Structure formats: C-alpha cells, structure tokens
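how would this look folded up:
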Amino acid sequence: MRIAAFILTIVLATGILMGGVVLLVLQGNSENPAWIFAQTLAMIPFVYGPLTIGSFRAYWDVAGSEESRRYFRRVVSIVIGLEGVAAVITVVCAVATSSAPLIPIVFIGTGAILTAVALLVGPVAYRYDRAHPRPQQEWVAIEPTEIRRKIVTVAVTFVGVLALGLVGLGVLSAVVPRSLSLLQVLIFALSFACIAGGGVALFSTLPWNRRLRDVTDRDPARLRRIAKVVVRKKPGELDPQDMTAAARYAAVISITMSFQLAYLVLLYAGIVLQQVNTLQEGIGDSFSIILIVILVAVLVVILPLQVVRIRRARRYVTEHAAGLNESAVV
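Residues are numbered from 1 along each chain as shown. Prediction:
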C-alpha cells in the first residue's frame with residue numbers, strides 16, 4: 001500500500017510536469033531554448049515543493065516536540081519561498097516572451113493548490129500510517145546479500161533496457177530511412193538505460209528509508225541531531241538512547257546514500273547523453289552546452305561531498321559497532 005502510494009505520487013507529479021511542458025509548447029511564444037528551460041525549471045518547485053511538504057508531514061511526527069514543529073515550519077517556509085521565486089521567474093518569462101497569461105496563472109495556481117492539498121493530506125496519511133503499523137521486530141543490520149541483490153537488480157535493469165533500446169531503435173532506424181544513425185541509436189539506448197537503472201537504484205532505498213524513520217522514532221528533530229553528528233561531524237551531545245540510534249542510522253545511511261549517489265550519477269549521465277545527441281543533430285547548441293556544464297558542475301560539487309559523508313558514516317559504524325547489537329524493536 002505504502003509503496004503503491006509512493007509510485008502513484010511520483011507518476012502524478014511527473015504527469016503534472018509533463019502537462020506543464022505541453023502547455024509551454026502550445027501556449028508559449030518563444031523559440032529560444034533558454035526561456036523554455038527557465039520556465040520548465042520554474043515548474044519544479046510548484047510540483048515537488050508540495051510533494052516534499054506532504055511526504056514530510058505523512059512520514060514524520062512533526063508535532064512530537066517544539067523542535068520538530070520548528071523544523072517543519074522551516075521546511076514549509078523554504079518551500080513557499082522557492083515557490084515565490086518560481087512565480088517571479090514564470091511571470092518574467094511570460095512577459096519577456098509575450099506568452100499567453102494562461103501559463104503563469106496555471107503554474108502559480110497549481111503550486112498553490114498542491115501546497116494546500118499537501119498540508120491537508122499529509123496529516124491524514126500520517127494518522128492512517130499510525131493506525132495501521134507494521135509488526136514490530138528486532139532491529140537487524142542490512143545483510144550483504146540484500147545489498148548484492150539490489151545491485152544485481154540495477155545492473156539487470158540497465159542491461160535489459162539497453163538491449164531493448166538498441167533493438168527497438170535499431171528497428172526504427174531500419175524502417176524509417178535516415179531517421180537515426182547508428183551512433184544516435186547507441187546514445188539514446190544508453191541514456192534510457194542510465195535513467196531506468198537510476199530509477200531502480202532510488203526505488204531500492206525505500207525499505208531502508210523506512211528503517212531510518214523507525215530508528216529515530218519518526219522524530220525529524222532527532223534525525224537531524226543524529227545526522228549532524230554522524231555525517232557532518234558537527235559537535236553535539238547524544239544521550240545513550242541517541243547513541244544507539246546514531247549507530248544504526250550510520251549503518252543504514254551509509255548504504256542508502258551510496259544507492260542515492262548511483263541514482264544521481266546515472267540520471268545525470270542519461271540527461272547528458274541526450275544533450276550530446278541533440279548537439280550531434282545540430283539543434284539547441286547553446287542550451288545543450290549550458291545544461292551539460294550545469295550538470296557536470298553539480299556532480300563535481302556533490303560527488304566529493306557525498307563520498308566524504310558516506311565514509312564518515314562507515315567510520316562511525318566501525319567506531320560504535322557495539323550500539324548495533326543492543327536490543328530494540330523497530
């Protein structure tokens with residue numbers, strides 16, 4: 001039920017974004033890819049901002065303490081602030097390109113409605129989850145066999161989608177003369193395989209994310225306090241109960257972040273490959289180059305940071321291994 005709800009939410013969010021892109025194409029008045037990119041980028045806070053609020057409210061006990069309530073208010077403030085910036089960008093782009101006023105009205109209105117829905121549905125989902133808890137069981141570390149199985153699943157997905165892409169696009173290029181070159185077929189197939197493999201890697205972390213939530217008793221303030229000590233190496237005092245939770249958090253987060261990093265690399269690789277293919281076709285040169293530079297720059301910043309945090313978490317597990325074996329239920 002929970003996994004189905006997650007998949008449905010992601011599909012709906014993606015569908016809304018795709019609908020926004022279609023609206024831009026139909027109602028927009030600019031052939032400059034930079035303006036289209038800016039307007040598309042502005043849609044993200046309107047969709048994934050409310051999704052963040054709703055998910056946070058549904059999965060975490062934000063009313064458990066004053067610190068948790070304050071943390072949730074901060075999250076809401078950040079999301080609303082990003083939506084405000086996105087609204088300004090949307091209006092500026094519409095005015096600059098003389099696009100139909102329908103675009104900013106729909107985008108901003110959608111963001112406002114989704115935010116209101118998230119604030120209403122989140123608490124309902126949380127109460128439902130509390131009313132239908134999973135059976136409690138003794139905490140156990142993630143088994144190496146489980147990790148290997150998920151890695152194999154990602155690899156099989158990558159190879160399978162690559163093979164299907166090569167066959168399907170190869171048939172298309174053979175049936176439709178001069179539609180795709182051999183190099184384009186390879187690039188497209190690789191990009192699809194990267195994105196699909198990345199999606200499976202991210203999906204694989206869902207059960208581990210539930211472990212993180214259970215280890216910290218659904219308390220976002222406690223999770224934040226533990227994360228500061230484990231992955232950010234910031235000074236902080238942890239009580240004995242938090243020390244046990246921190247050791248278990250480190251054991252899970254070191255694996256979860258590795259899969260999330262794999263997702264990010266594969267996703268960006270897929271997008272970059274698509275832009276390389278666009279450059280080969282000779283269309284949207286400046287936009288594709290700018291996007292590739294941005295994606296590479298983001299990876300250059302994020303990759304070392306995440307690797308350092310993963311190593312810190314692994315080191316914390318090694319130094320506090322005794323805390324993993326203390327009796328507790330999750």
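
Which SSE is immediately downstream of the helix or strand harbouring Phe46?
For Phe46, the enclosing helix or strand under DSSP states H and E is helix 33-59. Counting by DSSP H and E, the next helix or strand C-terminal to helix 33-59 is helix 66-96.

Can you give the distance from the following helix or strand past that next one to the centre of its chain?
Sequence-wise, the next helix or strand downstream of helix 66-96 (DSSP H and E) is helix 102-131. Chain-centre distance of helix 102-131: 18 Å, with CA atoms, centre = their mean, to the nearest Å.

Just want the angle from helix 102-131 to helix 33-59.
Relative orientation of helix 102-131 and helix 33-59, computed by axes from the mean of the first three to the mean of the last three CA atoms, to 10 degrees: 20 degrees.

Quick one: low-confidence residue ranges for the stretch 51-200 of the chain.
Applying pLDDT under 70 to the stretch 51-200 of the chain flags the ranges 135-137, 177-180.

again, 80 this time
Applying pLDDT under 80 to the stretch 51-200 of the chain picks out residues 64, 99-100, 129-141, 172-181.

Isn't Phe46 up against Pro104?
No: contact criterion CB atoms under 8 Å: Phe46 and Pro104 do not qualify, at 10.8 Å. C-beta coordinates here come from the backbone N, C-alpha and C atoms, glycine included.

intersection of neighbour lists for these two?
Residues touching both Phe46 and Pro104 (CB atoms under 8 Å, 6 or more residues apart in numbering): none.

what's the angle between the helix holding Phe46 and helix 66-96?
160 degrees.

which residues are contacting stretch 83-94?
So stretch 83-94 is contacted by 30, 35, 38-39, 41-46, 49, 99-101, 103-104, 107-108, 111-112, 115 (CB under 8 Å, 6+ apart).

For those residues, I'd like a selection string for ChimeraX - just the buried members, please.
Those of the contacts of stretch 83-94 that count as buried under 16 or more other CB atoms under 10 Å are selected in ChimeraX with:
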select :30,35,38,39,42,43,45,46,49,99,103,104,107,108,111,115
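
Now do Arg134 against Arg211, distance only.
As defined by CB to CB, to the nearest Å, Arg134 lies at a distance of 11 Å from Arg211.

Looking at the two, which one has more neighbours?
Using other CB atoms under 10 Å as the criterion, Arg134 and Arg211 rank with Arg211 on top: 22 against 10.

what's in contact with the helix or strand harbouring that one?
Here Arg211, judged by DSSP H and E, is contained in helix 206-215. With CB under 8 Å, 6+ apart as the test, helix 206-215 has contacts from 3, 6, 59-60, 139, 142, 223, 245, 248-249, 252-253, 255-256, 259, 330.

Could you list the domains of this protein?
Listed domain ranges for the chain are 1-133, 138-330 (source: automatic domain parsing).

What average pLDDT does stretch 221-234 get?
The pLDDT scores in stretch 221-234 average 85.

Buried residues, that stretch. List them.
Result for stretch 221-234 [16+ other CB under 10 Å]: buried residues Ala221, Arg222, Leu223, Arg225, Ile226, Ala227, Val229, Val230, Val231.

Output it as CSV, nothing but the C-alphas.
Extracted in CSV, the C-alpha atoms of stretch 221-234 (Å, rounded to 0.1, in the frame of the first residue of the first chain):
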residue,chain,number,x,y,z
ALA,A,221,14.5,16.8,15.0
ARG,A,222,16.1,13.7,16.4
LEU,A,223,17.1,12.6,12.9
ARG,A,224,18.6,16.0,12.2
ARG,A,225,20.5,16.0,15.5
ILE,A,226,21.9,12.5,14.9
ALA,A,227,22.8,13.3,11.2
LYS,A,228,24.8,16.3,12.3
VAL,A,229,27.0,14.1,14.5
VAL,A,230,27.3,11.1,12.1
VAL,A,231,27.7,12.5,8.6
ARG,A,232,28.5,16.2,9.2
LYS,A,233,30.9,15.7,12.1
LYS,A,234,29.4,18.6,14.0
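
contacting residues around it?
Under CB under 8 Å, 6+ apart, the answer for stretch 221-234 is 60, 64-65, 67-68, 70-71, 212-213, 216, 235-236, 238, 242, 245-246, 249-250, 253, 257, 309, 312-313, 316.

Grab the most central residue of the chain for me.
In the chain, the centroid-proximal residue (CA atoms, centre = their mean) is Leu202; its distance is 7.7 Å.

Skip the chain neighbours and tell me the closest residue to it.
Tyr263 (4.1 Å; CB to CB, 6 or more residues apart in numbering).

Same question for Thr110.
Closest to Thr110 by CB to CB, 6+ apart is Phe46, at 5.6 Å.

Just list the residues touching that neighbour, thanks.
By CB under 8 Å, 6+ apart, the residues touching Phe46 are Glu83, Ala86, Phe107, Ile108, Thr110, Gly111, Leu114.

Brilliant, that's me finished.
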